[in-house]
Structures are given as structure tokens and as C-alpha cells.
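*Asks:* Could you work out the structure for the sequence below:
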Amino acid sequence: LWFYLSLVPALLVGRRQILGFAAGSAALAVLGLGFFLLWPTAVPPPDINWSRHPGFGLPTGADATGSARPSLHVAFAVFAALWFARLLPLLRAHFLIRCANLLWAILIVFSTLATKQHSALDALCGAILGAWIGSISLHATPPEPGSPSLRRPLFLSVAIIKLSAVLLWSIGLPFGLCLALFLTGGALVLHQLFAPGSGELVRVFTRFAPVSAGAREVWLTLDDGPDPEDTPKILDLLDLHCARATFFLIGERAARNPALVSDIFLRGHEIAHHTHTHPVAGFWCASRARLLHELDAALPALTPKIIHHEPIMINRFRAPVGIKNLFLAPALAARRLACVGWTIRSGDTFAASPADVVGRVARRLRPGSIILLHEGPPLRPSVRVHALAAVLALLDARGYRTTIPSAAQLR
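*Replies:* A predicted model of the protein is given here:
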């Protein structure tokens, strides 16, 4: 077990990854010890003459206290297996090596039962604890820049939690408790679907690296256009401040206003994908066919019709309200679309005045921030366009410039 666990930090790259693994390990140890101190349990001494089996002297001596639920042996084995499930694909490990990872963890679990160190109840509780802490620690430490989203650890942890809950019910634990444990596995997936910045189901970029260490750069993004009333005013305002922005356009609205789409591009801004109909309520549970329609139907309308100009590629996507879908990651990869989130949500959709928007932006403004703003009727008349003007004035006052980062700069 301990050699298996020590291999994970040996393969990690970057301080953030190592600290994430260390924090997860510490949390696992503290929680396991806390459970044991508050609700002590012990494995009944087995009717085995261990002197006839000298090879088991070390494990039986180490667990002479009869420590039991939850099994930290099992918890750490599951924890390490989840981290390996992320690392091995990034290292392009062979399929057999990935299978060996799971087999190694399973054998550790089996050994705790075979040597009577823990009961099945202890092992199942340890598996749930390890899966939960492993999933949380992986979520808190996203892959390094340039790495794809890795859904395997998330789905593996959910499968472990749900299977363990079913087995706990089968050995006599109360149905209500087991059902609650079973549903917590689904909660991990729901969080990934609805939390805008979560990146286990789909890699979401929420910041970017400025061109140099001292560069005061931010990325201005505008959602829900084009709007016949707001977009021309916004373009004039951006010109006035020598600012550049990315417009995440809705396909249906772009199809109704093709001249605005071309004008956005010709005036030096980027056009990006914000679905075809902006389906907020049902996007998370949309079928694969519906999702593909939302992506493909919008693309023709988002491509500016400019004569004698080389083809324009749309390569950035933002999900409606940041909500994701189980089929989204492969669909975006097939269309070479990067999913962009935000660092600063301006709150303009519910703000009462431009001052409210500026206050929210000012508090979180840092180099490399992605600022989310909107255009169109959902905003109050006192906020439409005026909030953008106030944000641009704030950026000028603090010495920030707007930029459209390259793919290599995204984080």
C-alpha cells in the first residue's frame, strides 16, 4: 500500500498538484482518525494461530489494536487509484498499466480482508471515504494547462460510492442510510454539471496568463448577443477605449442579424459560440442529438460573411450560465472548441445600477481575469451598455488593457 501510494507524488508535476495530493492525504488521515476516536470499533480476534503463518507477522502486529472502521488501508488505496486514473492517461500509459492500477488497488482491499485486519463493513466505509476525498482533491487541483478534461476519476469515484452503498445495504445496514450514501455519488456529478468553473466533466478555462509577469491584462467577454440596439453602441464604446472583446453569440440571434456579426469581426473583435438557442433549463440533461444540434446549427450563423476573406474559425464556446452536459466534452473536442468560463461574474443581469457592476468587478480585478458581461433586453435599461462603459472606465483608471488571449495562454 505505502509503496503504491508513494508513486503518485513521484509522478506529479507542479507544486499545485503536489500540494493538492498532500492536502487530500492529510484530510483522509484526519477524518479516518476522527471517526475511529469518536466511534471506536474493533475487528473481533479471528480464530487463527498466526504462529503457523509467519509471513503475516508484520500486518497482524501493526494492527494489534484491532483498528477498524473505516479502513484507512482501503481509503488510501482508493484515493491513490483515483489519482493514478488521472495521471496515467496524461503520461500516455498503456491500457495494461491502467488495468494494473485498478488491480493493485483491488488486491490491497482484498488483503485487508484476507488477513482479518478489517471486516467487509470497514472496507466499504473506507472505500466511500477514499472516493469522496479523492474526488474532492482532484476537483480542487485541476490538470496542468494544456491537459484535457479527465472524466475517468469522477465516474470511477461515483461507481465506487454507489457500489459500496449497495453492498452496505446487502450486509444489513439501514436502507435509508445506504440510500443517502448512494445519492451522494450522484451529487458529485451534479456539482460538475452545474458549477460553472468545475472542470472534471469538461475542461473549463477560467483565467489566462498575461504576456509577461507585469502585464496588466484582462479579457472582456460579452454574452447573449448580437442585439440590434446594444451591439452597435457597444462596438462604438470599445473603439472609444481602444478595447478588444470576445462576443459569445447565440446562433438564432446571429442568424437574424448577420450584418452585426460581420461588423463585430471587422472592428477587431472575436466571435465565439454560445449555443444556438441558449437552453438554460434543459441543457444539462439534453440528449446527445439535441446537444449536437445546439452546436452545429449555430456555426453557420456565427461565421461572418465577408467577401475575399479567408475562412474564419470559431474555436471558443461558453455554455449557457456555465451549465454543462455529459456529452459536451467529446462534442467540443470533435469541433475543436475550447470551453471558456470566467474569473469575474459582473452580476449585470441582476444589478440595479452600473455602480453595482463596477463594485463587483473592482473587488476581484487581477491580471489574467476573464470578465463576464451581457448585452440585450434581460438587463435593466439603466445597466445596458452603461455597465460596460463604467467597467471600461475602471480598467483605464487602474492601468489595465483588454486583450484576446491565445489558446496557449488559457488556464
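
*Asks:* surely Ile128 meets Leu163?
*Replies:* No - Ile128 lies out of contact with Leu163 (CB atoms under 8 Å); the separation is 9.7 Å. In this view, the C-beta of every residue, glycine as well, is placed from N, C-alpha and C.

*Asks:* Of those two, give the one with the bigger neighbour count.
*Replies:* Ile128 (24 against 16; other CB atoms under 10 Å).

*Asks:* tell me the SS of that one?
*Replies:* helix (DSSP: H, G, I helix; E, B strand; the rest coil).

*Asks:* Show the contacting residues for the closest residue to it other than its chain neighbours.
*Replies:* Nearest residue to Ile128, sequence neighbours excluded (CB to CB, 6 or more residues apart in numbering): Ser164, at 4.9 Å. When contacts are counted by CB atoms under 8 Å, 6 or more residues apart in numbering, Ser164 touches Leu124, Cys125, Ala127, Ile128, Ala131, Leu181.

*Asks:* Give me the distance between Ser164 and Arg336.
*Replies:* Using CB to CB, to the nearest Å, Ser164 is found at 39 Å from Arg336.

*Asks:* Would you mind listing the buried residues in the helix or strand harbouring Leu37?
*Replies:* Assessed by DSSP states H and E, Leu37 sits inside helix 15-38. Neighbour-count burial for helix 15-38, counted by 16 or more other CB atoms under 10 Å, picks out Gln17, Gly20, Phe21, Gly24, Ser25, Ala27, Leu28, Leu31, Gly32, Phe35, Phe36.

*Asks:* give me the number of residues near Val74?
*Replies:* Val74 has 29 neighbours, counted by other CB under 10 Å.

*Asks:* tell me the contacts of it?
*Replies:* Ile108, Val109, Thr112, His118, Asp122, Ala123, Gly126, Ala127, Gly130.

*Asks:* Pull the CA coordinates from the helix or strand that contains it and hand them back as CSV.
*Replies:* For Val74, the element it lies in under DSSP H and E is helix 72-90. C-alpha atoms of helix 72-90 as CSV (Å, rounded to 0.1, in the frame of the first residue of the first chain):
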residue,chain,number,x,y,z
LEU,A,72,-7.7,3.6,6.1
HIS,A,73,-5.9,0.9,4.2
VAL,A,74,-8.8,0.7,1.8
ALA,A,75,-9.4,4.5,1.8
PHE,A,76,-5.8,5.3,0.8
ALA,A,77,-5.9,2.5,-1.9
VAL,A,78,-9.0,4.1,-3.4
PHE,A,79,-7.5,7.6,-3.1
ALA,A,80,-4.3,6.6,-4.9
ALA,A,81,-6.2,4.7,-7.6
LEU,A,82,-8.2,7.8,-8.4
TRP,A,83,-5.1,10.0,-8.7
PHE,A,84,-3.5,7.3,-10.9
ALA,A,85,-6.7,7.3,-13.1
ARG,A,86,-5.9,11.0,-13.9
LEU,A,87,-2.1,10.7,-14.2
LEU,A,88,-1.7,7.6,-16.3
PRO,A,89,-3.7,8.9,-19.4
LEU,A,90,-1.6,12.1,-19.2
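
*Asks:* got the angle between it and helix 15-38?
*Replies:* Using axes from the mean of the first three to the mean of the last three CA atoms, to 10 degrees, the direction of helix 72-90 lies 160 degrees away from that of helix 15-38.

*Asks:* residues in contact with stretch 294-303?
*Replies:* 249-252, 254-255, 258, 261, 271-277, 279, 283, 286, 311-312, 314, 317, 331-332, 335, 337.

*Asks:* Equivalent analysis for stretch 150-160, please.
*Replies:* Against stretch 150-160 from outside (CB under 8 Å, 6+ apart): 78, 81-83, 85-86, 89-90, 127-128, 130-132, 134-135, 138, 143, 185-186, 188-189, 192, 200-201, 329.

*Asks:* nearest spatial neighbour of the residue most central in space within the chain, skipping sequence neighbours?
*Replies:* Central residue of the chain (CA atoms, centre = their mean): Gly199, 1.7 Å from the mean position. Excluding its sequence neighbours, the residue lying closest to Gly199 (CB to CB, 6+ apart) is Pro142, at 5.1 Å.

*Asks:* How about Pro70?
*Replies:* Closest to Pro70 by CB to CB, 6+ apart is Cys125, at 3.7 Å.

*Asks:* where are the low-confidence patches of the stretch 101-250 of the chain?
*Replies:* Where the stretch 101-250 of the chain drops to pLDDT under 70, the residues are 144-149.

*Asks:* Tell me where it has strands.
*Replies:* Secondary structure of the stretch 101-250 of the chain (DSSP state E, counting those that start in this stretch): strands at 204-205, 217-225, 245-249.

*Asks:* was I right about Thr349 contacting Gly376?
*Replies:* No - applying CB under 8 Å, one finds Thr349 not in contact with Gly376, separated by 9.8 Å.

*Asks:* Look up how far Pro142 lies from Leu91.
*Replies:* Counting by CB to CB - Leu91 and Pro142 are separated by 17 Å.
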